[in-house]
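A.B. asks: Below are the sequence and a predicted model; questions follow.
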Amino acid sequence: PILYTLWIILVIVGSINAVNLTDGLDGLATGVCFTVESGLMIMTYIIGRTDWSQYLYLPHVYGSGELFVLLAALIGATLAFLWFNCHPAEVFMGDCGALMLGGTLGTIAVLLHIELFFAVFSLILVAEGLSVILQVGSFKFFRKRIFRMAPLHHHFEKCGWNETKIVIRFWIM
């Protein structure tokens with residue numbers, strides 16, 4: 001139970017920080033979160049059905065239909081927000097939105113017992129978080145930088161990529 005509690009804390013806090021770190025360019029965190037929410041919504045539907053979850057060897061979670069509805073509402077809100085958050089942004093997410101999105105997504109993954117699937121859906125978020133961890137660790141221990149700037153999207157900006165090019169490519173990935 002102690003290890004599982006630490007695992008839950010790691011998933012939720014990691015998700016919160018990853019979304020917060022990703023929110024550095026217009027529409028980047030919003031678009032990435034839309035993709036993650038869509039993947040979680042599909043998994044929620046599959047896990048909520050006994051026959052599909054047994055067929056795919058996934059855990060059946062009774063009552064996950066409510067999480068499906070929550071994710072559908074969150075996707076609608078994310079898309080509505082993205083309309084005004086894409087480049088050039090008229091509205092900014094800030095810490096309140098990023099922390100809420102990260103906490104909600106991490107909590108839903110824990111409730112559905114699909115933390116590893118969540119890491120696959122959140123590959124961009126994981127890469128953004130790991131880039132900061134690696135950069136800070138490398139600089140503290142070896143006094144060398146791995147990236148020109150962390151998080152990863154700012155490294156590509158320093159390499160000369162356009163902001164919209166970075167955002168669209170991260171969405172595609």
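C.D. replies: Ah, there it is.
A.B. asks: Settle this for me: residue 59 is touching residue 53, isn't it.
C.D. replies: Yes. Residue 59 is within contact range of residue 53, at 6.7 Å (criterion: CB atoms under 8 Å). For glycine as for every other residue, the C-beta is placed from the backbone atoms N, C-alpha and C.
A.B. asks: more neighbours, these two?
C.D. replies: residue 53 (18 against 11; other CB atoms under 10 Å).
A.B. asks: quick one, what contacts that one?
C.D. replies: Shown in contact with residue 53 (CB atoms under 8 Å, 6 or more residues apart in numbering): 46, 47, 59, 60.
A.B. asks: 6 Å instead, please
C.D. replies: 47, 60 (CB atoms under 6 Å, 6 or more residues apart in numbering).
A.B. asks: can you check residue 91 too?
C.D. replies: 84, 85.
A.B. asks: Name the SS class of it, please.
C.D. replies: Following DSSP: H, G, I helix; E, B strand; the rest coil, residue 91 is assigned to coil.
A.B. asks: Now do the helices in this structure.
C.D. replies: Using DSSP state H, the helices found in the chain span residues 2-22, 28-48, 50-55, 65-85, 94-112, 115-121, 123-142, 152-158, 163-172.
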